[in-house]
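> quick one, structure for this:
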Amino acid sequence: MHGASSQWIGVDIWTDALERARRKIEALGVRNATVKEADAASMPFADRSFDLITSNLGINNFADLPAVMRECARVARPEARVVLTTNITGHMAEMYDILRALARDHVAAIDHQQRHRGTLESISKLLSHSGFSVARTVRRDFALNFVDGSAMLRHSFMRWFIDDWRVAIGPKDEREVFTEVERRLNESGPLQLTIPALYIEAVRR
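Residues are numbered from 1 along each chain as shown. All right, here's what the predicted structure looks like:
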């Protein structure tokens, strides 16, 4: 899309993912892309190094998102763009509603786990405080579909979320709660989980 003269650097702390990316780069003969093992909150690049910074479904996974955004501002040239996609608050509401109903002693922890994903307003504010001006946003909802609750709870993709739900509920209650969650979901037949997704593009001031 940007031509052979452009240069791309991928950054991650996940060693296995970086190795997979390196194999793909080699297999596809890509000459203008490399990857580095580094924390996005402390990147090994000089100030004003980049014209474009992207993160696809990544910002919910940073331990210190404000620090990451400040670091993005540091390495961005004036007028550079940061482009993010993320799932926002309201994510998988159908599942969270059942968890709240069945684990009433843990509602605060469940709410916190869902809300940490942020909103258009909170992410826009964070970008602004970091030195960016929001230029464009697109909000779209899509759905994950499963034949029933058992299929959802056993799907490999869901392990990224189930671990967080287990932490919110706690080891004492998790077996009882998830057994009942699975039973209720299976009673309803096919299962649909709503994913509110946000695209947000901002310019370095």
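
> in the protein, where is pLDDT below threshold?
Along the chain, no part satisfies pLDDT under 70.

> in this protein, what residue spans correspond to helices?
15-28, 65-75, 93-102, 107-115, 120-129, 149-154, 159-169, 174-187 (DSSP state H).

> adding distance to residue 204 as columns, could you present those helices in CSV?
(Each C-beta comes from the backbone N, C-alpha and C, glycine too.) Listed next are these as CSV, based on distance: least, Cβ to Cβ, whole Å:
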stretch, distance to residue 204
helix 15-28, 26
helix 65-75, 6
helix 93-102, 34
helix 107-115, 28
helix 120-129, 10
helix 149-154, 40
helix 159-169, 31
helix 174-187, 44
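
> nearest approach to residue 201 belongs to which of those?
Across the helices of the chain, residue 201 has its closest neighbour in helix 120-129 (9.7 Å, Cβ to Cβ).

> follow-up on the earlier one: can you redo the helices of the chain as a markdown table with distance to residue 7 and mean neighbour count?
Formatted as a markdown table, these follow (distance: least, Cβ to Cβ, whole Å; neighbours: other Cβ atoms under 10 Å):
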| stretch | distance to residue 7 | mean neighbour count |
| --- | --- | --- |
| helix 15-28 | 13 | 12 |
| helix 65-75 | 13 | 19 |
| helix 93-102 | 41 | 17 |
| helix 107-115 | 38 | 15 |
| helix 120-129 | 24 | 16 |
| helix 149-154 | 41 | 18 |
| helix 159-169 | 31 | 16 |
| helix 174-187 | 47 | 15 |
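
> which one of the ones you listed lies nearest to residue 202?
Going by Cβ to Cβ, the one of those nearest residue 202 is helix 120-129, 4.7 Å.

> can you list the helices and strands that the closest one packs against?
helix 65-75, strand 76-87, strand 132-146, strand 191-204 (3 or more Cβ pairs under 8 Å, 6 or more residues apart in numbering; DSSP states H and E).

> convert the shortest one to CSV, retaining C-alpha atoms only.
What it means is helix 65-75. The C-alpha trace of helix 65-75 is given here as CSV (Å, rounded to 0.1, in the frame of the first residue of the first chain):
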residue,chain,number,x,y,z
LEU,A,65,-1.7,2.8,28.5
PRO,A,66,-1.0,6.5,29.3
ALA,A,67,2.7,5.7,29.3
VAL,A,68,2.4,4.0,25.9
MET,A,69,0.5,7.0,24.4
ARG,A,70,3.2,9.4,25.7
GLU,A,71,5.8,7.2,24.1
CYS,A,72,4.0,7.2,20.8
ALA,A,73,3.9,11.0,21.0
ARG,A,74,7.6,11.1,21.6
VAL,A,75,8.5,8.9,18.6
